[in-house]
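Asker: I'll drop the sequence and a predicted model, then ask my questions.
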Amino acid sequence: MPSRTERAVRVAVLADSDTRWKWGVLTARRITAPNAAPTGFVLRGRATPTARQLAETAVSDTAPREVTGAEFLREVRDAAGRGEAYDVVVLALVGGTVRAVLQGLADLALDRRPVIVTGYVGVVYEKLADGLLLRHGADVVLANSRHDAERFRAVYEGVGADPSSVVEAALPFLGGAPYRPEPGRDTLVFAAQPSVPVTRAERAHVLRRLVEHARLHPRREVLLKLRSKPGEHTTHLEEFPYQKLVRDLPVPPNFRLVYGHMGEVLDRTDLLVTVSSTAALEALHRRIPTAILTDLGVREALGNHHFLGSGLLTSFDRLDRGTVPAPDERWLARQGVGTAGPAGGIPYERAFDAARERVARLLEEPALPPLAPYYTAETAGGYLPTILARHRLDVTAPEPRESGVRRIVREAARGAYRHGVQRVAPVIRRLGEL
């Protein structure tokens, strides 16, 4: 029988949003084979992406299957029973769900369990310790930079947990042609985030300044790049979509809202502006001029504190005057961006070598050790049961029968939830302030 590295490695990706689906698929290819075609699953829940959102990621011609956590575990179990066991499972999920799935996989007690890989889809600026400890137990916890790898290991070592699973890599979707200005083109793109900033007043401020900037620079195209359309959700809730706020403003003809694949938008970008979006790292990797806004302060809640020392922090007032910040090369190297690995950083084309080698070594092992997460009934007896109960990953429960009526009810409930977040919740909040 051929070894796992002599035949095509079977990979499953479980994601809970469109951005994590993109990260999971591209990561699977980076750590196994560039032409790998992982079997895809998206977790049914609040942030379940629409078909449009999945297509916009442009990472796979095959749509992932929508499942519950228990259904995913059944698929892993049944695939092993068919002799088609998954060799690698990429968990592109929030921390609590990673921990729950780790428990579910351990409870399956497979003869040969898959290698478990997880990580983060972008800038890690909040819940560092909690998120990492919930992910502990995976065989590989990918860090997107040298800076993150050091922080991740420090957290694990700080609680006495094994840090060997942390592997320095990079964001898997960096790439694209290096920036080249084009005569006659002047395009500023603002990369919006669903929950940064979070308040209506702060989002209205950003929108107003973008519109004013467009008015001040009539020859410049100002694009507001949006993540989702009204009624769609990403990982983070968006109570005040820019699409609705802009209805209250007269806008000049050189200001537009745009959707689409971020890489394609960056192809025509001359200045990328954001509060703290991961799109900044994508732009910096391509050497596109980039600005991180300080108009709302430099705060942990905004995530722009991550860019301290980057040389990129600036304000709309300075941008209005034509002042564009220049990045600090050493900061770029520590963040794992830059096509040639400047200032001692690992060149991007080699960024996944260590992760690929670790996965290959694990696949060659005759047997993998039992999963050993840090959070157990002993270390977190008042926390872990709540996490596990929330996800209800009981593969022994009867599998619900799918039907047209069930799908209609599910979509109606999902729509009602999204309506409540974007319409009802803001009204209730305003009433509470009376």
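Answerer: Cool, the structure landed.

Asker: end to end, how far does stretch 129-144 reach?
Answerer: Taking C-alpha to C-alpha, to the nearest Å, stretch 129-144 runs 16 Å from one end to the other.

Asker: how near is the closest residue to residue 45 other than its chain neighbours to residue 173?
Answerer: Nearest residue to residue 45, sequence neighbours excluded (C-beta to C-beta, 6 or more residues apart in numbering): residue 16, at 6.3 Å. To be clear about C-beta, it is placed using only N, CA and C from the backbone, and glycine gets the same treatment. According to C-beta to C-beta, to the nearest Å, residue 16 and residue 173 sit 17 Å apart.

Asker: surely the residue nearest to residue 45 touches residue 41?
Answerer: No: counting by C-beta atoms under 8 Å, residue 16 does not reach residue 41; the two are 9.8 Å apart.

Asker: returning to that earlier point: what are the phi and psi values for the residue nearest to residue 45?
Answerer: Phi and psi for residue 16, reported as degrees, to the nearest 10, are phi -120, psi 10.

Asker: for it, give me its contacts.
Answerer: Residue 16 sits next to 42, 43, 45, 47, 48, 92, 93, 94, 97, 235 when contact means C-beta atoms under 8 Å, 6 or more residues apart in numbering.

Asker: can you check residue 154 too?
Answerer: Contacts of residue 154 by C-beta under 8 Å, 6+ apart: none found.

Asker: what's around residue 364, how many residues?
Answerer: For residue 364, the neighbour count with other C-beta atoms under 10 Å is 10.

Asker: over to residue 205?
Answerer: Residue 205 has 15 nearby residues by other C-beta under 10 Å.

Asker: could you verify that it is part of a strand?
Answerer: No: counting by DSSP: H, G, I helix; E, B strand; the rest coil, one finds residue 205 to be helix, located in no strand.

Asker: looking at it, it is touching residue 297, isn't it?
Answerer: No: checked against C-beta under 8 Å, the pair residue 205 and residue 297 is beyond contact range at 11.6 Å.

Asker: and the helix or strand hosting residue 66, how far out from the chain's middle?
Answerer: Residue 66 is part of strand 65-67 when elements are defined by DSSP states H and E. Distance of strand 65-67 from its chain centroid, counting by C-alpha atoms, centre = their mean, to the nearest Å, is 19 Å.

Asker: surely residue 354 forms part of a strand?
Answerer: No: Residue 354 sits outside any strand when classified using three-state DSSP, being helix.

Asker: next helix or strand past the strand holding residue 66?
Answerer: Using DSSP H and E, the next helix or strand after strand 65-67 towards the C-terminus is helix 69-81.

Asker: tell me which other helices or strands that next one touches.
Answerer: Secondary-structure packing of helix 69-81 (3 or more C-beta pairs under 8 Å, 6 or more residues apart in numbering; DSSP states H and E): strand 11-15, strand 39-43, helix 95-108.

Asker: columns mean neighbour count, mean pLDDT and distance to residue 287 on top of these, output as a markdown table?
Answerer: Shown next, in a markdown table, are those (neighbours: other C-beta atoms under 10 Å; pLDDT from 0 to 100; distance: least, C-beta to C-beta, whole Å):
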| stretch | mean neighbour count | mean pLDDT | distance to residue 287 |
| --- | --- | --- | --- |
| strand 11-15 | 27 | 98 | 30 |
| strand 39-43 | 24 | 97 | 32 |
| helix 95-108 | 21 | 97 | 33 |
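
Asker: hang on, the earlier thing: pLDDT value on the residue nearest to residue 45, please?
Answerer: As predicted, residue 16 sits at a pLDDT of 95.

Asker: equivalent analysis for residue 291, please.
Answerer: Per-residue pLDDT puts residue 291 at 98.

Asker: return the list of helices and strands in contact with the strand holding residue 66.
Answerer: strand 39-43.

Asker: the strand it packs on: partners in the sheet, and parallel or antiparallel?
Answerer: Paired neighbours of strand 39-43 in the sheet (DSSP bridges): strand 11-15 (parallel), strand 65-67 (parallel).

Asker: after it, next one along is what?
Answerer: Using DSSP H and E, the helix or strand that follows strand 39-43 towards the C-terminus is helix 51-57.

Asker: any low-confidence regions in the stretch 151-300 of the chain?
Answerer: 231, 233-236 (pLDDT under 70).

Asker: so what's the residue sitting nearest the centre point of the chain closest to, chain neighbours aside?
Answerer: The residue lying closest to the centre of the chain (C-alpha atoms, centre = their mean) is residue 121, at 3.0 Å. Among residues not flanking residue 121 along the chain, residue 23 sits closest, at 4.3 Å (C-beta to C-beta, 6+ apart).

Asker: which strands and helices sit next to the helix or strand encompassing that neighbour?
Answerer: Here residue 23, judged by DSSP H and E, is contained in helix 18-31. Here helix 18-31 touches strand 11-15, strand 39-43, helix 51-57, strand 88-92, helix 353-364, going by 3+ C-beta pairs under 8 Å, 6+ apart.

Asker: using PDB, list the CA coordinates for the longest one.
Answerer: What follows is helix 353-364, C-alpha atoms only, in PDB (Å, rounded to 0.1, in the frame of the first residue of the first chain):
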ATOM      1  CA  ASP A 353       8.400  25.300   3.800                       C
ATOM      2  CA  ALA A 354       8.500  24.600   7.500                       C
ATOM      3  CA  ALA A 355       4.700  23.900   7.700                       C
ATOM      4  CA  ARG A 356       4.900  21.600   4.700                       C
ATOM      5  CA  GLU A 357       7.800  19.700   6.100                       C
ATOM      6  CA  ARG A 358       6.000  19.300   9.500                       C
ATOM      7  CA  VAL A 359       2.900  18.000   7.900                       C
ATOM      8  CA  ALA A 360       4.900  15.600   5.700                       C
ATOM      9  CA  ARG A 361       6.700  14.200   8.800                       C
ATOM     10  CA  LEU A 362       3.500  13.700  10.700                       C
ATOM     11  CA  LEU A 363       1.900  11.900   7.700                       C
ATOM     12  CA  GLU A 364       4.900   9.500   7.700                       C
END
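
Asker: buried sites along the helix or strand following it?
Answerer: As assigned by DSSP H and E, the chain's next helix or strand after helix 353-364 is helix 384-391. Buried residues in helix 384-391, counted by 16 or more other C-beta atoms under 10 Å: 384, 387, 388, 391.
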